[in-house]
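Asks: Sharing a sequence plus its predicted fold:
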Amino acid sequence: MHRFFLESLLADTVYIYGEDAHHITRVLRLSPGDTIEIVGRDGEAALGSIASADPKEVEVQLRARLAGSHEPSVEVILAQGLPKGDKMDFIIQKTVELGVGKIIPWTGQHSVVQYNKDKEAGRVSRWQKIAAEAAKQCKRNRIPAVEPVQTLADILAQADRNTLKIMFYEQERVLGLKQVLSDQKRNSFLLLVGPEGGFSADELNLCRQHNVNVTTLGPRTLRTETAALAGITAVMYECGDLGG
């Protein structure tokens with residue numbers, strides 16, 4: 001069943017506007033009497049019946065509130081070094097499916113990709129739409145935010161001190177992710193993944209100054225998009241969110 005996020009809280013009658021209204025009427029060709037899932041801005045979900053359908057506005061009557069949530073019990077924030085091409089699209093789609101709470105793109109000393117302000121804003125808007133579509137598809141109860149592009153220094157300076165910070169570094173040979181997760185029980189994680197060029201020596205030192213756990217993801221060198229998915233999958237599994 002198709003799921004849509006509302007700009008409002010749940011109520012007996014709610015409305016869906018814009019691109020979603022167009023999608024319901026023109027793409028899915030749903031009509032009055034059809035049932036959809038709706039999610040209020042607080043994350044509460046419900047079943048609703050379409051009362052009227054217009055490409056600009058769809059009226060929905062609430063039928064039954066849905067118990068439970070599809071959100072993970074832990075918060076995982078991905079700080080992803082900007083990758084080349086359309087890899088960020090893939091990373092956002094798949095990490096939203098895995099339960100990521102927020103995605104922060106960052107640019108570093110070894111980043112190949114550099115955007116001007118206009119292109120950067122356009123990319124972030126596009127990534128937020130991809131996050132929304134992925135959240136609908138996998139039936140999340142909220143849409144993870146895609147933050148503006150930042151620097152690694154900004155991300156670390158803003159990180160909550162109770163958040164466990166983990167950097168995946170291909171040259172680390174000793175400290176593994178499993179050990180870090182076993183030693184420190186937290187419910188909030190910040191995962192740092194570098195771009196294709198990896199982390200610079202200055203960025204590595206900066207992470208160490210902010211008490212980041214510099215870890216390995218194993219003996220093989222993973223592509224940046226693989227590292228992001230592997231890291232989130234491992235954290236979610238260890239925290240019991242992937243059938244663990």
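Replies: All right, it came through fine. Everything quoted here is computed from the prediction, not taken from an experiment.
Asks: need the helices for the chain, in chain order.
Replies: In the chain, the helices defined using DSSP state H lie at 18-22, 87-98, 117-137, 152-158, 177-183, 201-209, 224-238.
Asks: Could you provide those in JSON lines, with additional columns for mean pLDDT, mean neighbour count and distance to Arg65?
Replies: Glycine gets a C-beta too; all of them are placed from N, C-alpha and C. Formatted as JSON lines, those follow (pLDDT from 0 to 100; neighbours: other C-beta atoms under 10 Å; distance: least, C-beta to C-beta, whole Å):
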{"stretch": "helix 18-22", "mean pLDDT": "95", "mean neighbour count": "15", "distance to Arg65": "20"}
{"stretch": "helix 87-98", "mean pLDDT": "98", "mean neighbour count": "20", "distance to Arg65": "24"}
{"stretch": "helix 117-137", "mean pLDDT": "96", "mean neighbour count": "16", "distance to Arg65": "18"}
{"stretch": "helix 152-158", "mean pLDDT": "96", "mean neighbour count": "17", "distance to Arg65": "35"}
{"stretch": "helix 177-183", "mean pLDDT": "90", "mean neighbour count": "15", "distance to Arg65": "35"}
{"stretch": "helix 201-209", "mean pLDDT": "97", "mean neighbour count": "15", "distance to Arg65": "44"}
{"stretch": "helix 224-238", "mean pLDDT": "96", "mean neighbour count": "20", "distance to Arg65": "27"}
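Asks: who wins for proximity to Lys56 among these?
Replies: Nearest of these to Lys56, taken as C-beta to C-beta: helix 18-22 at 5.7 Å.
Asks: Give me the helices and strands touching the closest one, please.
Replies: strand 57-66 (3 or more C-beta pairs under 8 Å, 6 or more residues apart in numbering; DSSP states H and E).
Asks: List the strands paired with the strand it packs on, with their directions.
Replies: When pairs are called by DSSP bridges, strand 57-66 turns out to pair with strand 13-17 (antiparallel), strand 45-54 (antiparallel).
Asks: in that strand, what counts as buried?
Replies: Val58, Glu59, Val60, Leu62 (16 or more other C-beta atoms under 10 Å).
Asks: which one of the residues you listed is nearest Gly18?
Replies: So of these, ranked by how close each gets to Gly18 (C-beta to C-beta), first place is Val58, at 10.1 Å.
Asks: Could you double-check that that closest one lies in contact with Ile16?
Replies: Yes: in this structure Val58 lies within contact range of Ile16 using C-beta atoms under 8 Å: 4.3 Å.
Asks: For the helices of the chain, give me JSON lines that also has distance to Ala53.
Replies: Output for these, formatted as JSON lines (distance: least, C-beta to C-beta, whole Å):
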{"stretch": "helix 18-22", "distance to Ala53": "8"}
{"stretch": "helix 87-98", "distance to Ala53": "27"}
{"stretch": "helix 117-137", "distance to Ala53": "18"}
{"stretch": "helix 152-158", "distance to Ala53": "43"}
{"stretch": "helix 177-183", "distance to Ala53": "47"}
{"stretch": "helix 201-209", "distance to Ala53": "51"}
{"stretch": "helix 224-238", "distance to Ala53": "37"}
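Asks: His110 is nearest to which of those?
Replies: Nearest of the helices of the chain (C-beta to C-beta): helix 201-209, 8.1 Å.
Asks: So what touches the closest one?
Replies: The contact list for helix 201-209, computed with C-beta atoms under 8 Å, 6 or more residues apart in numbering, reads Gly108, Gln109, Leu152, Ala153, Leu156, Lys165, Met167, Tyr169, Leu192, Gly194, Phe199, Val214.
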